[in-house]
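**Student:** What would the 3D arrangement of this be:
(2 chains)
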Number of protein chains: 2
Amino acid sequence: MLDILNKINHPSDLNDLSIDNLEKLSEEIREVLLQKLSKNGGHFGPNFGMVEAIIAMHYVFESPKDKFVFDVSHQSYTHKILTGRKEGFIEEKSYKTVSGYTNPEESEHDFFNVGHTSTSISLASGLAKARDLKKEDYNVVAVIGDGSLSGGEALEGLNFAGSELNSNFIIIVNDNQQSIAENHGGLYKNLDELRETNGQASNNLFKAMGLDYIYEADGNNIEKMIELFQKIKDIDHPIVVHINTKKGKGYKLAEENKESWHWTLPFDSETGKVTVNFGNTESYADLTAKFLLDKMKKDNTVVAVTPAMPMTIGFGIERRQEAGEQFVDVGIAEEHAVALVSGIAKNGGKPVLGTNATFIQRSYDQISQDLCINSNPATIVLNYTSVTGLTDVTHLGIFTIAAFSNIPNLVLLAPTNKVEYFAMLDWSIEQQEHPVMILMPGNGVINDGREAEKDYSNIINKFKVEEEGSKVAILGLGDFYQIGEAASKIVEDKLGFKPTLINPRFASGVDKELLEDLKQNHELVITLEDGILRGGFGESIASFYGDSDMKVKNYGLEKEFYDRYNPNQLLDELGITPEKIVNYIESMIK
Amino acid sequence: MLDILNKINHPSDLNDLSIDNLEKLSEEIREVLLQKLSKNGGHFGPNFGMVEAIIAMHYVFESPKDKFVFDVSHQSYTHKILTGRKEGFIEEKSYKTVSGYTNPEESEHDFFNVGHTSTSISLASGLAKARDLKKEDYNVVAVIGDGSLSGGEALEGLNFAGSELNSNFIIIVNDNQQSIAENHGGLYKNLDELRETNGQASNNLFKAMGLDYIYEADGNNIEKMIELFQKIKDIDHPIVVHINTKKGKGYKLAEENKESWHWTLPFDSETGKVTVNFGNTESYADLTAKFLLDKMKKDNTVVAVTPAMPMTIGFGIERRQEAGEQFVDVGIAEEHAVALVSGIAKNGGKPVLGTNATFIQRSYDQISQDLCINSNPATIVLNYTSVTGLTDVTHLGIFTIAAFSNIPNLVLLAPTNKVEYFAMLDWSIEQQEHPVMILMPGNGVINDGREAEKDYSNIINKFKVEEEGSKVAILGLGDFYQIGEAASKIVEDKLGFKPTLINPRFASGVDKELLEDLKQNHELVITLEDGILRGGFGESIASFYGDSDMKVKNYGLEKEFYDRYNPNQLLDELGITPEKIVNYIESMIK
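**Tutor:** Model (predicted):
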């Protein structure tokens, strides 16, 4: 029974409600969230912890005239429910009508499509600056939490707000004592002290940044949150509103195990057990952790580093403890993580940095300057690099090859099966010449009997001919190798000749010698890559052959911000299926 | 007379000197620096301010066993002089033997090739972490100053050091009350308070980050600096050593005008007047400031934003004052700057972000996520984008096209003369659809009579045919257009036909219609771009024509970290001269 929620179609509908009914509303919202998330999956803990604060925000402020910017925006479900999008949470058939993040295309109450961390203060300060230039008058509110404060952009934003904005600006720091995993960094000790002293501790980080500050211990109490927001509404200068909330509040399992319940797959709401069964399939994340732990035991200079994404390389709590000082979670701080591993490598350590492909974008300059100009032998392992990975527009891994293959000295490896992935990882850790980035395949852990090299040092940028043939050469990069392999077999069956099948291995180089050799008995080269074409691998092959008679066809994704797409359908539309590739080959080969 | 300096060939040679002689040494070093910088140019203020502190560092610590990491490393000249490289400062013929930054290839006392800001804490913490894993025992010292603390990477590093490193780690904060221009950001108010209270102020930023802290007011007093460093040498935990120094110390003009003397061209050491005469040539930086100031007066929503690089777009002190709240220096904080302009644009302002090309790399992810996913109409103007610009390996602009042309929605404009540059800038500021990045030409302000469009909105990614011809089409992108133009004229004279000359204008797109049309009466397409080929513009043209009969030749730079090169010589080696291009054309056209 959603007695209260049924009447809420706009935030202004909250104004008539008593505190009792607002509290009842928070229960109904949790009921709706539990129902949807148990069936659909999604961010759990962040949303359960922020129900009261967001109700109070909409009660006190006047959205969209007053403007809210949510960091990562993974905690904005209650905001969506209150701003005309409740059907997307209540009705199962409408679940997919709302995205998991704020989205200006959905509502005038959302200002940015956001999915990366630590951006809300800076984005919101832009809204405030434009307001001031236009001599307008309203509140601008940034919400930040879940470990995002340690990200450089957030700290830059705090520093800016602390002296350069001399007008209304409200930063709500949602302190739930947690990142995805536990928090890391000195500033979280400061938040602890502030909580313990009810906001009175000396050496207040926010005051040190030049900001006004106020603390509320009971961030899950609607009445107190309303009082707090009423107090600071229309304030004439920037202020940090530090609120203490409970992540996962209202669902016992989530309160008790905050890391597991940060984001969840569909689950049984009675038992909390995940209802999706992937069987006993191997995962690269899990295998990587096992491999690294084994290496760590034999060599105390091997160290895994992650910017708050330990599970990306399979390091759950127990494995982190097992690794001890050989596992370093730097918190949300991708720039620092890259510089750190460069320093470790320079001083004789063997660091492996693991995170999601979409987040490593935050350290483009550090990879170029701190790492690659110095050619320090650190390893970066990336998960979710594939079109089949995360499909939200803010989390795409398909830009990785284009973004990083232009950086000199970086060896960008695209393994094609399990044996090759671990051979490359092992080589990378042990060698002392090259910064290396390894793309975890996105098409499952493949055991196909193909063997790999033990040592890549003398074959940098050398492609491997897996099957010798003629007329057509197929370069299947990384996890698109198998598409090339399948196309190759069909060509043999259907067109009566055997193409050459090549595993380029190196996404960052061009094997000029091999490409030159292909001219002898090939007329068409096909490239396949799991990423956008623009700036990617295939274009460099097309350029190599540009003024020769060799024909080149590049297969890959368009330069586009795809959003919540069906990967197989997209690949089919782009002609990236074995059958369509063979049809193309047939049309080209007379 | 360099009586003392003549005896110093290794830092250990300092150990026998009295305080008096160390002070005499500091005078001799300033004499040497003044001599070299007046003839050669370079970073002035940062080096003059740090002479005593660096002498004291080398007196107390034992380099290279104890390891120093200098931020930006533009203040490391005294360190170089003391570590066996004094000839590079004393002997005019040896000036070029030392780079302007630390460089491991020069000396075992240098650990990183550094030129971007805010990296020293993170890099040094990597050295410290490796030391701990290897159970070694020595001091690791990071030096940071000149406004670098506000950079996200530095703040991430402080936060990490404040809780995750539980061993020796020394961060020297060189507080000279200045960035390149004045400091911006709340944390600098905190440094002011700490100086005013001799380090005793409440809300100490460093303590709030979890760090131990000590202050020394007289950072230019060798004796006090020695005492200070002796006190904290071999400390068993991370500490911030906050020292107050005078930027430009010892040269009156530099003490009085810190901004002008941060970096200087060669000058007369008596008068301080720059001795290089560029004549009355126009500069894009200067013209851009005039243009923007004019716009600002007509429209109070126009706002220029810079991450501590105001001169990049011609905003000296007077112009900054004239612009008032319509000029925002966010301090060294590139990530924040991009998010800020995205927010300003979202809320109806017209922001123009100006900086050097090499520094915008620090905000790859913010340009992708905060700006381009949201398609907010902010303008980014970049200086030093060309191979002819800054030639230190750490400051190259030649990666810009490759790094950013892979980001969807970003309109990357490469103007070819003055009229076109300002037409593009004006359009970009007024339009409301696209994030835009504009590359300032690196070949001077060219007035060649060619006109530009008033409105680019309906011709996004449309190339312009400047001269209609046949057989060969030359696509001269941005400031390489003139090379194409010259080659085209030679072809006409020498080979007897007129090539088609194309100004692509958009580095981020491919004009498929035009390229398709060219097939009718052209057999060869030449692309020219002022940047690396890998991931750049030309490769996308080669890919377009990959399976057609059109031959394509891409001219551009190799994917390489060039260092202190001669641009003209490099271009000649790469065949990027009108004559060599014509020779190639002749070889291809029968």
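
**Student:** Of all residues in the stretch 201-350 of chain A, which one is closest to chain B?
**Tutor:** When you check the stretch 201-350 of chain A against chain B by C-beta to the nearest C-beta, the closest residue turns out to be A:Gly343, at 1.7 Å. For every residue, glycine as well, the C-beta is placed using N, CA and C.

**Student:** Would you mind giving both backbone torsions of that residue?
**Tutor:** The phi and psi values for A:Gly343, taken as degrees, to the nearest 10, are phi -70, psi -40.

**Student:** Just give me the neighbour total for it.
**Tutor:** When counting by other C-beta atoms under 10 Å in any protein chain shown, one arrives at 35 neighbours for A:Gly343.

**Student:** What of A:Gln177?
**Tutor:** 17.

**Student:** Please list all residues in contact with it.
**Tutor:** By C-beta atoms under 8 Å, 6 or more residues apart in numbering or on different chains, the contact list for A:Gln177 reads A:183, A:188, A:191-192, A:195, A:247.

**Student:** quick one, what contacts the closest residue to A:Asn166 other than its chain neighbours?
**Tutor:** Ranked by C-beta to C-beta, 6 or more residues apart in numbering or on different chains and with sequence neighbours excluded, the top spatial neighbour of A:Asn166 is A:His237, at 6.4 Å. Each residue near A:His237 by C-beta under 8 Å, 6+ apart is listed here: A:165-169, A:212.

**Student:** what helix or strand does A:Gly575 sit in?
**Tutor:** Using DSSP states H and E, A:Gly575 falls within no helix or strand.

**Student:** Repeat that for A:Glu318.
**Tutor:** With DSSP H and E as the criterion, A:Glu318 is inside helix A:317-323.

**Student:** how much distance is there from the following helix or strand past that helix to the middle of the chain?
**Tutor:** The C-terminal neighbour of helix A:317-323 among helices and strands, as given by DSSP H and E, is strand A:327-329. Using C-alpha atoms, centre = their mean, to the nearest Å, the mean C-alpha position of strand A:327-329 is found 18 Å from that of the whole chain.

**Student:** for stretch A:74-86, same thing?
**Tutor:** Using C-alpha atoms, centre = their mean, we find the averaged C-alpha position of stretch A:74-86 to lie 22 Å away from the chain's own average C-alpha position.

**Student:** Stretch A:229-241 now?
**Tutor:** When C-alpha coordinates are averaged (C-alpha atoms, centre = their mean), stretch A:229-241 and its chain have centres 32 Å apart.

**Student:** gap between the two ends of that stretch?
**Tutor:** Taking C-alpha to C-alpha, to the nearest Å, stretch A:229-241 runs 9 Å from one end to the other.

**Student:** Stretch A:453-460 now?
**Tutor:** Stretch A:453-460 has an end-to-end distance of 12 Å (criterion: C-alpha to C-alpha).

**Student:** Mind listing what's buried along that stretch?
**Tutor:** Residues A:Tyr456 are the ones in stretch A:453-460 that count as buried (16 or more other C-beta atoms under 10 Å in any protein chain shown).

**Student:** got the contact list for that stretch?
**Tutor:** Here stretch A:453-460 makes contact (C-beta under 8 Å, 6+ apart) with A:411, A:413, A:423-424, A:427, A:431, A:433-434, A:505-506, A:509.

**Student:** Just give me the neighbour total for A:Val352.
**Tutor:** The tally of other residues near A:Val352 (other C-beta under 10 Å) stands at 26.

**Student:** Secondary structure class of it, three-state.
**Tutor:** Three states are possible here, and by DSSP: H, G, I helix; E, B strand; the rest coil the one that applies to A:Val352 is strand.

**Student:** Quick check: beta-bridge partners of it?
**Tutor:** A:Val352 has these beta-bridge partners by DSSP bridges: A:Ala304, A:Thr379.

**Student:** how close does it sit to B:Ala124?
**Tutor:** With distances defined as C-beta to C-beta, to the nearest Å, the gap from A:Val352 to B:Ala124 amounts to 20 Å.

**Student:** need the contact list for A:Asn15.
**Tutor:** By C-beta under 8 Å, 6+ apart, A:Asn15 lies in contact with A:Tyr59.

**Student:** tell me the SS of it?
**Tutor:** With three-state DSSP as the basis, A:Asn15 sits in helix.

**Student:** check contacts around the closest residue to A:Phe537 other than its chain neighbours.
**Tutor:** Here the nearest residue to A:Phe537 in space, its sequence neighbours aside, is A:Glu529; by C-beta to C-beta, 6+ apart that works out to 4.7 Å. For A:Glu529, the contacting residues are A:401, A:477-478, A:480, A:507, A:536-538, A:554-556, taking C-beta under 8 Å, 6+ apart as the criterion.

**Student:** Over to A:Ala308?
**Tutor:** Going by C-beta under 8 Å, 6+ apart, the list of residues near A:Ala308 reads A:147, A:179-181, A:184, A:329-333.

**Student:** Turn those into TSV, including secondary structure.
**Tutor:** As requested, those are arranged in TSV below (three-state DSSP):
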residue	secondary structure
A:Gly147	coil
A:Ser179	coil
A:Ile180	coil
A:Ala181	coil
A:His184	coil
A:Asp329	strand
A:Val330	coil
A:Gly331	coil
A:Ile332	coil
A:Ala333	coil
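
**Student:** surely A:Lys67 meets A:Ala124?
**Tutor:** Yes: assessed by C-beta atoms under 8 Å, A:Lys67 is found in contact with A:Ala124 at 7.2 Å.

**Student:** Doesn't A:Val241 belong to a strand?
**Tutor:** Yes: looking at A:Val241 with three-state DSSP, it is inside a strand.

**Student:** Assign the closest residue to it other than its chain neighbours to helix, strand or coil.
**Tutor:** Taking C-beta to C-beta, 6+ apart, and ignoring the residues beside it in sequence, A:Val241 has A:Ile172 as its nearest neighbour in space, at 4.8 Å. Three-state call for A:Ile172 (three-state DSSP): strand.

**Student:** and A:Ile172, how many neighbours does it have?
**Tutor:** Under the neighbour criterion other C-beta under 10 Å, A:Ile172 is assigned a count of 29.

**Student:** residues in contact with it?
**Tutor:** Taking C-beta under 8 Å, 6+ apart as the test, what A:Ile172 contacts is A:53, A:57, A:141-144, A:241, A:243.

**Student:** my guess is A:Tyr215 contacts A:Gly199, does it?
**Tutor:** Yes: because the distance of 2.6 Å satisfies C-beta under 8 Å, A:Tyr215 is recorded as touching A:Gly199.

**Student:** my guess is A:His495 meets A:Met588, correct?
**Tutor:** Check again: residue A:495 is Leu, not His. No: with contacts counted by C-beta under 8 Å, A:Leu495 stays clear of A:Met588, the gap being 10.8 Å.

**Student:** Have a look at chain A and report its longest strand.
**Tutor:** For chain A, the strand with the greatest residue count under DSSP state E is strand A:522-532.

**Student:** Show me the strands paired with that strand, marking each as parallel or antiparallel.
**Tutor:** Strand A:522-532 has these strand partners (DSSP bridges): strand A:471-476 (parallel), strand A:551-557 (parallel).

**Student:** For A:Lys135, which of the ones you listed is the nearest?
**Tutor:** strand A:551-557 (44.7 Å; C-beta to C-beta).

**Student:** Measure how far that closest one is from the centre of its chain, please.
**Tutor:** Between the mean C-alpha point of strand A:551-557 and the mean C-alpha point of its chain there is a distance of 27 Å (C-alpha atoms, centre = their mean).

**Student:** So is the next helix or strand after that strand next to chain B?
**Tutor:** Taking DSSP H and E as the definition, the helix or strand that follows strand A:551-557 towards the C-terminus is helix A:567-573. No: applying C-beta under 8 Å from any C-beta of the partner chain, one finds helix A:567-573 separated from chain B by no less than 14.6 Å.
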